[in-house]
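Peer 1: Quick one, fold the following:
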Amino acid sequence: MAVFPVVNTIKEWAQNFRENASALQRKPQGRIPKVRPPENVDKVRMATVKSARRSVRRHSDAIGLSDRSVRRILHKDLNFHPYKIAIVQELRDRNMANRRISSEQLLEMLNDDGVINTVLMTDEAHFHLSRYVNKQDYRYWAPENPQELISVLSTAKY
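Peer 2: Purely as a prediction, here's the structure:
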């Protein structure tokens, strides 16, 4: 038994052909963006005003939105941008003396014939005696760069 298209289907094909030069129905390209309700924008605004140093993930947990939604609201609706906070550490006289001693020992090791083939590795993380590790992806969301520095006192005993 043959099945024939209905008249409305043929009219739709003709209309698609006139508009798109194809009888096939075109699907919209990409994802359709979701609407960000003003209530959610206000929630994110109030959360950032209340505790500006809280991470996006913690804001999303507190508000009940996904972290991607919170990032999108911060960026597109509130015009906030992520800025990295610089953590600085005070250098004291004993630190400079220890750096000089370590550098001299390293130079002596490199001048030895047996150590010349050794590879030295470094890491970007900063470890503090207060059990705090500087995370490289820590960001501060603000409409403009706060130029903020966090000072960590050097409490190392050499």
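Peer 1: need the next SSE after the helix or strand of the chain with the lowest mean pLDDT, C-terminal direction.
Peer 2: Least confident element among the helices and strands of the chain, by mean pLDDT, DSSP states H and E: strand 133-134 (a mean of 58). Remark: after strand 133-134, the chain's next helix or strand is strand 139-142, criterion DSSP states H and E.
Peer 1: now that following strand: how far from the chain's centre is it?
Peer 2: How far strand 139-142 lies from its chain's middle: 10 Å, per Cα atoms, centre = their mean, to the nearest Å.
Peer 1: Any buried residues in that strand, and which?
Peer 2: Buried residues in strand 139-142, counting neighbours by 16 or more other Cβ atoms under 10 Å, are found at 140-142. Just so you know, the C-beta spots here come from the backbone N, C-alpha and C atoms, and that holds for glycine as well.
Peer 1: Can you lay out the residues you listed as JSON lines showing distance to Val88?
Peer 2: JSON lines is the format used below for the buried residues of strand 139-142 (distance: Cβ to Cβ, whole Å):
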{"residue": "Tyr140", "distance to Val88": "15"}
{"residue": "Trp141", "distance to Val88": "21"}
{"residue": "Ala142", "distance to Val88": "19"}
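Peer 1: Could I get the full set of strands for the protein?
Peer 2: Taking DSSP state E, the strands of the chain run over residues 81-84, 86-89, 126-127, 133-134, 139-142, 149-152.
Peer 1: Helices of the chain, residue ranges please.
Peer 2: 7-20, 38-50, 56-63, 67-72, 93-111 (DSSP state H).
Peer 1: just checking, what packs against the shortest one?
Peer 2: In other words, helix 67-72. Helices and strands touching helix 67-72, by 3 or more Cβ pairs under 8 Å, 6 or more residues apart in numbering; DSSP states H and E, are helix 56-63.
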